[in-house]
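Participant: Build the 3D model from these lines:
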Amino acid sequence: YLVDLTPPVSVLEVEAQSLFGMDAVVEGAPVTITAQDPVSGGVASGVSGLAYRIDGGAELAYAGPFTLELGEHTVSYYASDKAGNRELERTLKLRVEPKDVLAPRTSLAIGEPRYEGEPVFVSPLTGLSLSAVDDLKAAGDGLGGGVAGTQWAMDAGAFAAYTGAFRLAQEGTRWVRYFS
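Facilitator: Take a look at the predicted model:
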């Protein structure tokens, strides 16, 4: 006879992203639970099942990836092996946020002096600056996951990270390209 006294070890995995400086799960992200029964003393009976509960609700047998509704949740889970060993219940708190479906909007602000014509005329003293906002589901809501960065380029030049206001010193027609 072989005696297995070691419980299995489970792991909950979900893709998280940093939103507003906190880790969050994006709406619709699959939550996966896996387990292994470690060999101890040359013996491992194998995982027999996984169970979980959401927000203290009814215990559910894990049958595959699941998703969570919007809001904050507590997922408790554990694994059992074929010898009847059960690991201590593990708990993870998750916050589910809506999908950010809109790209950031970037705006160019043209300082003074300038002449509002078509095209706009500026001088080497005119400051230009970029600002960006990320919307979630509707333009102007400002509730998106945040702007990771803004890039800009002059004429056909290579894009570079935007770090602050700039001026156009060279005379002629110039194209300022940008995105966030």
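
Participant: Tell me which helix or strand in this structure has the weakest average pLDDT.
Facilitator: strand 16-19 (a mean of 60; mean pLDDT, DSSP states H and E).

Participant: What residues does Arg90 make contact with?
Facilitator: Arg90 makes contact with 10, 12, 76-78, according to CB atoms under 8 Å, 6 or more residues apart in numbering. Any C-beta I mention is one placed from the backbone N, CA and C, and that applies to glycine too.

Participant: again, but for Val9
Facilitator: Neighbouring residues of Val9 by CB under 8 Å, 6+ apart: 35-38, 79, 87.

Participant: out of these, which one sits closest to Ala132?
Facilitator: Nearest to Ala132 out of the contacts of Val9 is Ala35 (CB to CB; 43.3 Å).

Participant: If we ignore the residues flanking it in sequence, what's nearest the closest one?
Facilitator: Counting by CB to CB, 6 or more residues apart in numbering, Ala35 lies nearest to Ala79, which is 3.6 Å off, once chain neighbours are set aside.

Participant: Below-threshold pLDDT in the chain: ranges please.
Facilitator: Along the chain, the parts satisfying pLDDT under 70 run over 16-23.

Participant: Tyr77: neighbour count?
Facilitator: When neighbours are counted by other CB atoms under 10 Å, Tyr77 registers 23.

Participant: In the strand or helix carrying it, which residues are buried?
Facilitator: With elements taken from DSSP states H and E, the one containing Tyr77 is strand 71-81. Going by neighbour count (16 or more other CB atoms under 10 Å), the buried part of strand 71-81 is 73, 75-81.

Participant: Strand partners (parallel or antiparallel) of the following helix or strand past that strand?
Facilitator: Moving toward the C-terminus from strand 71-81, the next helix or strand (DSSP H and E) is strand 90-97. Under the criterion DSSP bridges, strand 90-97 sits next to strand 22-26 (parallel), strand 71-81 (antiparallel) in its sheet.

Participant: Which one, of those, ends up nearest to Ala165?
Facilitator: Ala165 lies closest, by CB to CB, to one member of the strands paired with strand 90-97: strand 22-26, at 30.4 Å.

Participant: Which SSE is immediately downstream of the closest one?
Facilitator: Following strand 22-26 in sequence order, the next helix or strand is strand 31-36 (DSSP H and E).

Participant: Which positions in whichever helix or strand comes after that next one come out as buried?
Facilitator: Where DSSP H and E defines the elements, the next helix or strand beyond strand 31-36 is strand 47-54. By neighbour count on 16+ other CB under 10 Å, the buried set for strand 47-54 is 47-48, 50-54.

Participant: Spell out which strands sit alongside strand 47-54 in the sheet and which way each one runs.
Facilitator: strand 60-61 (antiparallel), strand 71-81 (antiparallel).
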